[in-house]
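Visitor: I would like to see how this sequence folds:
(one chain, ligands or ions: 2)
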Amino acid sequence: MKPALRGILVVGTDTGVGKTFVAAALCRALRQAGRPVAGLKPYESGCRPTAKDAAALEREAQSGLPLSLRCPFRYRAAIAPAIAAEQEGRVDPIGAAAKIVRRVGKDYVLIVESAGGLASPVSKSATNLDLAVALGLPCLLIGRNALGTLSQVSLAVAALRAREVPILGVVLSRGAGPRDPSQATNVEWARRLTQVRRTFALPRIGVAQAARLLSAELQPNLD
Ligand SMILES: Nc1ncnc2c1ncn2[C@@H]1O[C@H](COP(=O)(O)OP(=O)(O)OP(=O)(O)O)[C@@H](O)[C@H]1O
Ligand SMILES: [Mg+2]
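Guide: Ligands and ions are numbered 1, 2, ... in the order given. Got it, this is the predicted structure:
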């Protein structure tokens, strides 16, 4: 049997919901706690030429690992990785990504960011959800704290449960979007609909504050 990895897979209901923001804050919290942490983004598209998410994670994790391990599959087009790979005539299977993640996981606690929404395709016949199954890491699901999130969060939680992926919690993150009345009730209703007890809001804050808030919410899982 493959040894269990230590860490968290950060997945999202959609693109642009706050996965990198949360993953970077988690890297910061673990590093400040003196843990050897690696922030990985196995698939990243929109690299023109920089892999910005991978760089943001490394800024906080300071693992010193090469980009080839932190972000092995990079694409120029800002489109789902599977489609970008197809356009470039490449095949980058999740087995290869999982192998690299497992290798890094021998020496580091892992914070892995998925690419786009949970059901987006990352390679020819695999989605982020398939990657979650392959890695077996507990997932932290990030959604937008905005109108529309309840359906997205409910569907994503159902999909994770159908594949028996452990759910660490649900974070409703407040990005740059405008205020809307649903923000007052989204957390309570997401919890009611999904029965994920650890569902909480992340206000629009800085990364240092987010690291403190996430540490408090996710203890003892960050120990
Ligand atoms: N709670 C928050 N406080 C402050 N800024 C936030 C918060 N949540 C998200 N953001 C900001 O919202 C924007 C989108 O978030 P982010 O880049 O983390 O999304 P993502 O899910 O990683 O997107 P992608 O699918 O492209 O990887 C970023 O500018 C990020 O810094
Ligand atoms: Mg991101």
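
Visitor: which SS class is residue 137?
Guide: Following DSSP: H, G, I helix; E, B strand; the rest coil, we place residue 137 in the coil state.

Visitor: wait, what's in contact with it?
Guide: 5, 7, 8, 9, 110, 112 (Cβ atoms under 8 Å, 6 or more residues apart in numbering). No exception for glycine: its C-beta is placed from N, CA and C like everyone else's.

Visitor: what separation do you get for it and residue 27?
Guide: Counting by Cβ to Cβ, to the nearest Å, the gap from residue 137 to residue 27 is 15 Å.

Visitor: on that earlier part again, quick one: which of the contacts of residue 137 is nearest residue 173?
Guide: residue 8 (15.0 Å; Cβ to Cβ).

Visitor: for the closest one, grab phi and psi.
Guide: phi -140, psi 140 (degrees, to the nearest 10).

Visitor: any idea how far apart the tips of stretch 117-131 sit?
Guide: Counting by Cα to Cα, to the nearest Å, you get 12 Å between the two ends of stretch 117-131.

Visitor: repeat that for stretch 45-62.
Guide: 22 Å.

Visitor: contacts for that stretch?
Guide: Against stretch 45-62 from outside (Cβ under 8 Å, 6+ apart): 19-20, 23-25, 27-28, 30-31, 37-41, 44, 65, 67, 70-71, 74-81, 84, 111, 113, 115, 207.

Visitor: where do the strands of the chain begin and end?
Guide: In the chain, the segments counted as strands under DSSP state E are 7-12, 37-40, 43-44, 73-74, 109-117, 121-123, 126-127, 139-144, 167-173, 199-202.

Visitor: can you lay out these as CSV showing distance to ligand 1?
Guide: What follows is these, written out as CSV (distance: least, Cβ to the nearest ligand atom, whole Å):
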stretch, distance to ligand 1
strand 7-12, 5
strand 37-40, 12
strand 43-44, 8
strand 73-74, 13
strand 109-117, 5
strand 121-123, 12
strand 126-127, 14
strand 139-144, 6
strand 167-173, 4
strand 199-202, 4
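
Visitor: quick one: the helices in the protein?
Guide: Using DSSP state H, the helices found in the chain span residues 19-32, 52-61, 67-70, 81-87, 94-105, 128-135, 149-162, 186-194, 207-218.

Visitor: what are the buried residues along the second one?
Guide: Across helix 52-61, burial judged by 16 or more other Cβ atoms under 10 Å covers 53, 54, 55, 56, 57, 58, 60, 61.

Visitor: which of the residues you listed sits closest to ligand 1?
Guide: The closest of the buried residues of helix 52-61 to ligand 1 turns out to be residue 53 (Cβ to the nearest ligand atom; 5.3 Å).

Visitor: returning to what we had before: can I get the strands of the chain in a markdown table with mean pLDDT?
Guide: Shown next, in a markdown table, are the strands of the chain (pLDDT from 0 to 100):
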| stretch | mean pLDDT |
| --- | --- |
| strand 7-12 | 98 |
| strand 37-40 | 98 |
| strand 43-44 | 98 |
| strand 73-74 | 98 |
| strand 109-117 | 98 |
| strand 121-123 | 97 |
| strand 126-127 | 98 |
| strand 139-144 | 98 |
| strand 167-173 | 98 |
| strand 199-202 | 98 |
